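Enquirer: give me the fold of what follows.
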Amino acid sequence: MKKFTKGFTLIELLIVIALLGALAVGLLAALDPFEQLKKGTDTGVRNTVAELHGGIIRYYAIKNIMPWCADATCTAKNDSFSEAAPNIASNLTTTTTAITTTGELKSDFATLAGTGTLGKIIVFGNNASAKVEVCFEPTAKSFLSDPNTKFSPTDGLANDNGGTCVNSTNATANTCLWCVN
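Expert: From the prediction side, this is the model:
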């Protein structure tokens with residue numbers, strides 16, 4: 001009488017392992033983990049940008065001046081969309097502190113956002129017209145092709161980038177900002 005043992009042979013197991021390995025490599029190449037990391041980082045910065053924009057708008061509604069202004073007579077250099085005055089809120093610490101003091105941002109907003117995230121944010125604004133744009137330079141491909149990624153890094157104004165934000169001389173350099181306005 002023959003004894004039959006149930007199970008797989010070593011060859012069968014090796015073939016299955018090789019197939020699973022090939023599928024895993026193909027899946028890893030398709031997902032591009034570095035692009036996923038960039039997308040995750042950009043999503044976090046986008047959320048911070050939106051929260052900061054809302055805080056600035058609410059601050060203006062309460063005080064009738066932008067948070068980076070000392071009074072309603074901000075100088076043209078401090079509240080202009082012109083190229084002569086690009087990032088008006090280059091020191092976001094002062095701006096976020098002013099907004100936090102009014103209760104329009106959480107008291108630990110800057111801590112939770114982190115200096116790395118706040119360092120990526122650019123704010124353009126105009127006190128006279130109550131216009132503000134809060135922007136960042138995206139790195140993920142999905143954000144580069146997003147319709148909101150069309151703003152000029154020099155003045156924050158929308159520009160026609162022809163559907164691309166990649167620099168013609170440097171394929172990885174971004175020439176557009178993603179903005180909430």
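
Enquirer: which strands or helices does the helix or strand of the chain at the bottom of the mean pLDDT ranking pack on?
Expert: Every helix and strand in the chain was compared by mean pLDDT, DSSP states H and E; the lowest is strand 149-151, with a mean of 72. In terms of contacts (3 or more Cβ pairs under 8 Å, 6 or more residues apart in numbering; DSSP states H and E), strand 149-151 is packed against strand 177-180. Just so you know, the C-beta spots here come from the backbone N, C-alpha and C atoms, and that holds for glycine as well.

Enquirer: what ranges do the strands span in this structure?
Expert: Counting by DSSP state E, the segments of the chain that form strands are 121-126, 131-136, 149-151, 177-180.

Enquirer: now do the last one: everything it contacts.
Expert: Applying Cβ atoms under 8 Å, 6 or more residues apart in numbering, the set of residues contacting strand 177-180 from outside is 42, 46, 49-50, 53, 122, 133-138, 143, 146, 148-149, 151-153, 156.

Enquirer: now with 6 Å?
Expert: Outside strand 177-180, the residues within contact range by Cβ atoms under 6 Å, 6 or more residues apart in numbering are 49-50, 53, 133-138, 143, 148-149, 151, 153.

Enquirer: also the second one?
Expert: Applying Cβ under 6 Å, 6+ apart, the external contacts of strand 131-136 come out as 45, 49, 52-53, 56, 120-125, 151, 156, 177-181.

Enquirer: 8 Å - rerun?
Expert: Contacts of strand 131-136 from elsewhere in the structure, counted by Cβ under 8 Å, 6+ apart, are 42, 45-46, 49-50, 52-53, 56-57, 60, 66, 81, 120-126, 151, 153, 156, 177-181.
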